[in-house]
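> the sequence isn't on hand, but the structure is:
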Ligand SMILES: Nc1ncnc2c1ncn2[C@@H]1O[C@H](COP(=O)(O)OP(=O)(O)OP(=O)(O)O)[C@@H](O)[C@H]1O
Ligand SMILES: [Mg+2]
């Protein structure tokens with residue numbers, strides 16, 4: 001039973017095709033990592049899948065109740081405190097102020113955001129802190145589907161790992177499904193059930209690989225070896241290696 005399904009989705013900007021013939025489905029409770037070279041249309045695909053943008057072609061079917069979204073970059077309201085940014089989705093839904101603040105504090109705690117910093121404005125926060133506020137905002141309304149667009153790129157290695165573990169644990173506990181864009185194959189191999197590889201812009205899905213075992217139950221060594229085998233011996237990952245100028249692992 002899939003909670004998100006894209007059928008033959010295509011999109012173009014000013015007549016230039018960036019997505020074409022995209023078929024993709026995410027099952028209930030499944031975490032799908034989406035990788036592909038820079039500029040291949042990953043963010044566009046996420047925006048289309050989440051309904052932030054209408055696709056030029058194809059259909060998107062959503063069977064989840066509520067989604068949360070972590071954009072590429074924090075996208076916080078500059079005039080609102082960290083607490084009010086986290087609580088924003090609850091405010092939209094009309095929740096009372098006291099309860100909103102309580103839930104926002106709990107969400108901040110889940111992403112290891114210090115209580116003492118909740119009264120600060122985005123301009124007073126580091127990049128990593130801003131990104132954690134964005135993640136807490138995505139989790140606060142207890143969504144059953146999450147879109148992540150390279151959420152941890154701004155975080156240092158230790159915090160990145162902690163956040164990945166948080167996603168793994170939260171997806172199990174709250175049983176949410178997710179589409180998780182990353183350019184970090186180690187991250188993909190840690191958190192996902194399946195990795196979907198996008199081809200260069202306009203050519204659709206190049207292929208997918210199902211990962212052994214469950215996220216959270218994989219040894220670091222196994223994750224590392226899986227990624228090494230993708231990079232060294234699997235043609236599906238060759239174009240990522242060739243085209244993406246950024247660090248892969
Ligand atoms: N609003 C826009 N208007 C015009 N072109 C756009 C717009 N957004 C993205 N593009 C172009 O569409 C292509 C795909 O962009 P997109 O941001 O989806 O790629 P991406 O795979 O997320 O890249 P990255 O890995 O660098 O985040 C790029 O060539 C980009 O320049
Ligand atoms: Mg992007």
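Right, received. Where do you want to start? Keep in mind it's a predicted model, so treat the numbers as computed, not measured. Ligands and ions are numbered 1, 2, ... in the order given.

> quick check: residues of this structure near ligand 2?
Counting by Cβ under 5 Å from the ion, the chain comes close to ligand 2 at 42, 43, 72. For glycine as for every other residue, the C-beta is placed from the backbone atoms N, C-alpha and C.

> helix or strand right after the helix or strand where the second one lies?
Put plainly, it is residue 43. Using DSSP states H and E, residue 43 maps to helix 42-50. The helix or strand immediately downstream of helix 42-50 is strand 57-62, counting by DSSP H and E.

> so which elements touch that following strand?
strand 2-13 (3 or more Cβ pairs under 8 Å, 6 or more residues apart in numbering; DSSP states H and E).

> check which residues of the helix or strand following the strand it packs on are buried.
Sequence order places strand 16-27 as the next helix or strand after strand 2-13, per DSSP H and E. Applying a neighbour-count criterion of 16 or more other Cβ atoms under 10 Å, one finds 18, 19, 20, 22, 24, 26 buried in strand 16-27.

> same deal with stretch 122-131?
Quick answer for stretch 122-131 (16+ other Cβ under 10 Å): 122, 125, 128, 129, 130, 131.

> what are the contacting residues of it?
With contacts defined as Cβ atoms under 8 Å, 6 or more residues apart in numbering, stretch 122-131 is touched by 70, 74, 76-78, 80, 82, 85, 113, 117, 133, 151-152, 154-156, 159.

> any residue of stretch 33-42 touching ligand 1?
Yes - contact of stretch 33-42 with ligand 1 (Cβ under 6 Å from any ligand atom) involves 36, 38, 39, 40, 41, 42.

> look at residue 225 and give its secondary structure.
helix (DSSP: H, G, I helix; E, B strand; the rest coil).

> run a quick neighbour tally on it.
12 (other Cβ atoms under 10 Å).

> try residue 12
16.

> who are the contact partners of it?
By Cβ under 8 Å, 6+ apart, the neighbours of residue 12 are 18, 19, 56.

> and what of residue 182?
33, 34, 35, 148, 150, 152, 188.

> over to it: give its phi and psi.
Main-chain torsions, residue 182, degrees, to the nearest 10: phi -150, psi 160.

> if we look at ligand 1, which of the contacts of residue 12 are close to it?
On the criterion Cβ under 6 Å from any ligand atom, residue 18 are the entries of those that sit beside ligand 1.

> sort out which one of the contacts of residue 12 lies nearest ligand 1 for me.
In terms of Cβ to the nearest ligand atom, no member of those lies closer to ligand 1 than residue 18, at 4.1 Å.

> just list the residues touching that closest one, thanks.
11, 12, 40, 41, 44, 201, 202.

> let's see it at 6 Å
Contact analysis of residue 18 by Cβ atoms under 6 Å, 6 or more residues apart in numbering lists 11, 41, 44, 201, 202.

> my guess is the first one contacts residue 56. True?
Yes - with contact defined as Cβ atoms under 6 Å, residue 11 reaches residue 56; the gap is 5.2 Å.

> looking only at neighbour counts, state which of the two leads.
Using other Cβ under 10 Å as the criterion, residue 11 and residue 56 rank with residue 11 on top: 22 against 15.

> which non-adjacent residue is nearest that one?
residue 19 (4.4 Å; Cβ to Cβ, 6 or more residues apart in numbering).
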